[in-house]
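[1] sequence? don't have it. structure:
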């Protein structure tokens, strides 16, 4: 079944359920499972870059939610490890040419392009990870997150999942980005291509992002521009009892275009004295 046929079937299930026809989910179970299989094999993905903007495919996220509803709890044994869950583990790494270091775990319905390396880490359902990306030790890639190619997610990075509501944009990490140790990116924040996030940067939908590159303080939320260098910081806020300091992120510079990506990244880290 092609992607358009799967989409039509999932939308039909959604319409029937909205009308109170609960049998529709049981009758459409095969379409749900086929959609998840297509997701697991990379034939469809939760979000796509279309005409320069990320578009969320709501029907695929809805299929994931339906999959949870029709799946039954099962026990899974992997060597000495025992799991009890509704969603099986991913299995097609060799076919995908993905390196997986024990005890890294990815759920069925996630996808990795060739050359991805999973150190002991976790990848949730619906996530997509691009070619040659490194997911370092104890990093987590949340449900439906879209990670580009040649990305480095350093140790302990937390990429949030955005499964509900179904229309919400997932976290996006652009091609060539570097995310420093223990950084957190959640709530549909978009990190542009080749951006550099220093260690411990926290980005939520409401985190102030303050750009100081041109000598002025320009504030935004939700998106890190491409090729920028970002560090964690605090912002003064006046409250009834006095002043407090809340978390923010500062854009302090740009990656240089004069050298190749690897050299440029190393120079950037040294130039801005960033921890990784």
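    Noted; the coordinates are in hand. Just so it is clear, the structure is predicted and the values come from calculations on it, not from any experiment.
[2] how about residue 207, what does it touch?
    Contacts for residue 207 were tallied using Cβ atoms under 8 Å, 6 or more residues apart in numbering; they are 189, 221, 247-249. Every C-beta, even on glycine, is put in place using the N, C-alpha and C of the backbone.
[3] Please convert the residues you listed to a markdown table, extending it with pLDDT.
    Output for these, formatted as a markdown table (pLDDT from 0 to 100):
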| residue | pLDDT |
| --- | --- |
| 189 | 98 |
| 221 | 97 |
| 247 | 95 |
| 248 | 97 |
| 249 | 98 |
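[4] Just the buried residues out of those residues, in PyMOL syntax.
    This is the PyMOL syntax for the buried subset of these, where burial follows 16 or more other Cβ atoms under 10 Å:
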select buried, resi 189+247+248+249
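[5] Can you point out the buried residues in stretch 42-52?
    Neighbour-count burial for stretch 42-52 [16+ other Cβ under 10 Å]: 44-47.
[6] ok, the residues you listed vs residue 20, which is closest?
    Closest to residue 20 out of the buried residues of stretch 42-52 is residue 46 (27.5 Å), distances taken as Cβ to Cβ.
[7] before we move on, back to that, what about the buried residues of stretch 42-52, which are in strands?
    If you go by DSSP state E, these have residue 47 in strands.
[8] Dump the buried residues of stretch 42-52 into TSV; add pLDDT and distance to residue 185 as well.
    Shown next, in TSV, are these (pLDDT from 0 to 100; distance: Cβ to Cβ, whole Å):
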residue	pLDDT	distance to residue 185
44	96	23
45	97	18
46	97	16
47	97	15
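[9] and the buried residues of stretch 42-52 as a markdown table, adding distance to residue 152?
    Below are the buried residues of stretch 42-52 laid out as a markdown table (distance: Cβ to Cβ, whole Å):
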| residue | distance to residue 152 |
| --- | --- |
| 44 | 26 |
| 45 | 21 |
| 46 | 22 |
| 47 | 21 |
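[10] between the buried residues of stretch 42-52, which is nearest residue 4?
    Closest approach between the buried residues of stretch 42-52 and residue 4, by Cβ to Cβ: residue 44, at 10.3 Å.
[11] roughly how far apart are the residue lying closest to the closest one once chain neighbours are set aside and residue 163?
    In space, residue 44 comes closest to residue 38 once its chain neighbours are excluded; the distance is 4.7 Å by Cβ to Cβ, 6 or more residues apart in numbering. Per Cβ to Cβ, to the nearest Å, residue 38 is found 17 Å from residue 163.
[12] same thing with residue 228?
    From residue 228 over to residue 163 (counting by Cβ to Cβ), the distance is 28 Å.
[13] ok, the closest residue to residue 57 other than its chain neighbours to residue 87 distance?
    Closest residue to residue 57 apart from its sequence neighbours, by Cβ to Cβ, 6+ apart: residue 46 at 6.0 Å. Here the criterion is Cβ to Cβ. By it, residue 46 lies 15 Å from residue 87.
[14] Residue 4 too?
    Residue 4 is 25 Å from residue 87, by Cβ to Cβ.
[15] swap in residue 239?
    For residue 239 relative to residue 87 (Cβ to Cβ), the value is 44 Å.
[16] Between the two, which has more neighbouring residues?
    Per other Cβ atoms under 10 Å, whichever of residue 239 and residue 87 has more neighbours is residue 87, with 20 against 8.
[17] My impression was that that one belongs to a helix - is that right?
    No: remark: residue 87 does not belong to a helix; assigned using DSSP: H, G, I helix; E, B strand; the rest coil, it is coil.
[18] Tell me who's in contact with it.
    Neighbouring residues of residue 87 by Cβ under 8 Å, 6+ apart: 67-68, 71, 107-109, 125.
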